[in-house]
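The sequence isn't on hand, but the structure is:
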């Protein structure tokens with residue numbers, strides 16, 4: 001169950017991270033925060049990122065092998081990066097209609113799947 005909880009927490013963390021890093025661009029496009037000064041946008045993003053860390057840190061602590069979890073540090077990082085790109089891809093295609101997936105994006109995803117395979121390879 002620790003593997004399941006770790007991955008679930010990483011997914012939630014990455015949803016918040018993606019909104020913190022890129023959500024302000026959509027809000028600007030929607031004319032919600034287009035007049036905000038940069039420091040206000042940074043503070044807004046940091047407030048969202050606080051939730052990211054509230055899920056990321058427990059995910060790493062639960063999942064880390066030296067804390068009784070099933071994953072090494074390298075495995076945790078590769079899982080996290082893969083989840084990040086999946087969440088980012090879903091976010092981008094849903095919220096930014098001008099962005100499209102191309103063959104090279106799928107090739108990159110195949111490389112990520114291979115990275116996950118190799119990091120777990122004994």
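Yes, it's here. From a predicted model like this one, the values you see are computed outputs, not experimental measurements.

switch to C-alpha atoms for all contacts and neighbour counts from now on
Noted.

same question for the helix or strand where residue 92 lies, mean pLDDT?
For residue 92, the host element (DSSP states H and E) is helix 73-95. Helix 73-95 comes out with an average pLDDT of 91.

go on, stretch 12-32?
Average pLDDT, stretch 12-32: 93.

State the three-state secondary structure for the residue located most distally from the centre of the chain.
The C-alpha centroid of the chain is most remote from residue 35, which lies 27.4 Å away (C-alpha atoms, centre = their mean). Assigned by DSSP: H, G, I helix; E, B strand; the rest coil, the conformation of residue 35 is coil.

count of neighbours near the nearest residue to residue 11 once chain neighbours are set aside?
Take residue 11 and drop its neighbours on the chain: the residue closest to it by C-alpha to C-alpha, 6 or more residues apart in numbering is residue 83, 6.3 Å away. A total of 21 residues lie near residue 83 under the criterion other C-alpha atoms under 10 Å.

What score does the residue farthest from the centre of the chain have for pLDDT?
Predicted confidence (pLDDT) for residue 35: 91.

hey, where'd the helices end up in the protein?
Ranges of helices in the chain, per DSSP state H, are 2-18, 24-29, 38-63, 73-95, 103-120.

Pick the most buried one from the ones you listed.
With neighbours taken as mean count of other C-alpha atoms under 10 Å, these reach their highest mean count in helix 2-18, at a mean of 20.

which other residues reach that helix?
Here helix 2-18 makes contact (C-alpha atoms under 8 Å, 6 or more residues apart in numbering) with 48-49, 51-56, 58-60, 62-63, 69-71, 79-80, 83-84, 87-88, 91.

Many thanks, I have nothing further to ask.
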